[in-house]
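> how would this look folded up:
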Amino acid sequence: MLIRVEIPIDAPGIDALLKRAFKGDKEAELVRELREDGQLTLGLVATDDEGQVVGYVAFSPVTVEGEELQWVGLAPLAVDEAWRGQGIGRQLVYEGLDSLNEFGYAAVVALGDPAFYNHLGFEPAARYGLHCRWPGAEAAFQVHRLADDALNGVSGRVEYHTHFNRF
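You can find the predicted model right below:
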């Protein structure tokens, strides 16, 4: 298995994986739209020995109270069902965090299973007065600081790109 930055030839495999993993088209459409609009900060794939996409993670810009703070949102994250339980999701997230840190990003937010994200160094965003637009998501909304001072004096509503608003 290889984890690397996505390239254009990966798009059909990413699309197919997202449709399988999420049992529908929404996430695949979301990633396509983000990519087409230049709003995909980073996309990483995990490929098998034949080069087939078996895992994917995307990061895209977010704002806090309308301010651009060099923060990104992690979404979606998917691993092919046959490959789950091998740590691929964790590896994709770690690779993404390392790359984003090297690129100078300050923080990453994610909406997902707190147990999974806490093991990766994420913390409840509500602890810092941060929230997202989706009601009832407080427990699942997480933040990971990449810069030591990323959360200093920052609070309020975190907004993903408008493409996310249909969820």
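> going forward, measure contacts between C-alpha atoms and count neighbours the same way
OK.
> would you agree H131 is in contact with R157?
Yes. Contact criterion C-alpha atoms under 8 Å: H131 and R157 qualify, at 5.0 Å.
> who has more neighbours out of those two?
H131 (22 against 15; other C-alpha atoms under 10 Å).
> flag the shaky bits of this protein, pLDDT-wise.
Within the chain, the segments meeting pLDDT under 70 span 167.
> for the residue positioned nearest the centre of it, which three-state class applies?
When C-alpha atoms, centre = their mean is applied to the chain, the residue found nearest the centroid is L74 (1.6 Å). On the three-state scheme (DSSP: H, G, I helix; E, B strand; the rest coil), L74 is labelled strand.
> with adjacent residues omitted, what lies nearest to it?
In space, L74 comes closest to F59 once its chain neighbours are excluded; the distance is 4.6 Å by C-alpha to C-alpha, 6 or more residues apart in numbering.
> what sits opposite the one you found in the beta ladder?
Per DSSP bridges, residues listed as beta-bridge partners of F59: L42, L74.
> buried ones in stretch 48-58?
Buried residues in stretch 48-58, counting neighbours by 16 or more other C-alpha atoms under 10 Å, are found at 53-58.
> and the helices in this structure?
For the chain, applying DSSP state H gives helices covering 11-22, 26-36, 88-102, 114-119.
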